[in-house]
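>>> structure of the sequence below:
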Amino acid sequence: MQTIRSLFIHKWTSDVSLEGKTAIITGANTGIGKETAKDLAARGARVILACRDMAKGEQAARDIMREVEGARVLARQLDLADTNSICQFAENVYNSEKNLHVLVNNAGVAICPHDITVDGFEMQFGVNHLGHFFLTFLLLDLLKHSAPSRVINVSSSAHTMGRINFEDLRSEKDYHPVSAYAQSKLANILFTRELAKRTEALGVTVYSVDPGMVNTDITRHIRRPLVDVFKRFSTLLKTPAEGACTTIYCIVSPENQLLTGGHYKECATSQVCRAGLDDGTALKLWAVSCHLLGICWR
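This is a model prediction of the structure:
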């Protein structure tokens, strides 16, 4: 008999090899990112764990190499809350890597107290959207050189509650941790749509994914009563490995089975909310993001 939990877990497997491919995964020292890295390493890919905490990143690399025979994994420092760190990371990649076939923008902060990045952006919008927007901008030449290549942006069902507040993107007038998180996840969806239009002819395809409800350390900023609820229903949540499944699906599935710019959940196409389909908002967000970061990305 199926358990209640099994009804919510999509079963998907693939034996596609990634031998000769190079992948970068942000936030890969724990949770979904680490499990994604482990899977790609088992498929033969060279995997770079882009982590803010190098001690944790190096430990994750050791864990994966211990668990996966012949794994080629290394950790590199990346703080998505600091554009100087992002620049340094990208420079290191160009100095050491000839190719980049997969970029997984996975790292993120969730439902945290109000904070700002080194560059003065609200933390959730700054890390979850602007940090990955800037990283992708800097690595795009290498992705184009290595085409066909893919960018995976990890979003969330929380995007359905989001609204891009262009009048207060720094949350200086008002701040609510859930609203700020939802805004950043909607931004991931809109970034995916607009980036896909600009890169399809260049051989770079782009997908956003919703990993579902996963039992990770995301609860570290959530208020106590909600943490207790999470723990009470933890047996119904996905494991990190199960949460990584849709990301991996979008990395290894044949391109003719995927739609660039599309959104995926449970290893299948998934609908986004009306705000996530607004191409006008996507274009405006692109322009505003470039302005905030001081870059020109046409």
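
>>> got the contact list for residue 246?
With contacts defined as CB atoms under 8 Å, 6 or more residues apart in numbering, residue 246 is in contact with 10, 209, 210, 211, 212, 264, 265, 266, 267. All C-beta atoms are positioned from the backbone trio N, CA, C, and that covers glycine.

>>> what is the nearest of these to residue 163?
Distance to residue 163, by CB to CB, is smallest for residue 210 among the contacts of residue 246, at 18.0 Å.

>>> if I look at that closest one, how far off is residue 87?
Distance of residue 210 to residue 87, given as CB to CB, to the nearest Å: 30 Å.

>>> quick one on the thing from earlier: with neighbour count and pLDDT as added columns, please give the contacts of residue 246 in TSV.
Shown next, in TSV, are the contacts of residue 246 (neighbours: other CB atoms under 10 Å; pLDDT from 0 to 100):
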residue	neighbour count	pLDDT
10	14	57
209	31	98
210	23	97
211	25	95
212	19	89
264	22	98
265	20	97
266	18	96
267	19	97
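
>>> taking these one by one, which sit in strands?
Judged by DSSP state E, strands contain the following of those: 209, 210, 264, 265.

>>> list the residues that contact the first one.
This means residue 209. 152, 153, 154, 155, 246, 247, 250, 263, 264, 265.

>>> for ChimeraX, write a command that selects the buried ones of the residues you listed.
The ChimeraX command for the buried members of the contacts of residue 209 (criterion: 16 or more other CB atoms under 10 Å) is given here:
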select :152,153,154,155,246,247,250,263,264,265
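
>>> what ranges does this structure have for its strands?
Using DSSP E, strands in the chain cover 22-26, 46-51, 72-77, 102-105, 149-154, 204-210, 263-265, 268-269.

>>> can you list these in a markdown table and add distance to residue 111?
Formatted as a markdown table, the strands of the chain follow (distance: least, CB to CB, whole Å):
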| stretch | distance to residue 111 |
| --- | --- |
| strand 22-26 | 19 |
| strand 46-51 | 21 |
| strand 72-77 | 25 |
| strand 102-105 | 19 |
| strand 149-154 | 16 |
| strand 204-210 | 16 |
| strand 263-265 | 20 |
| strand 268-269 | 27 |
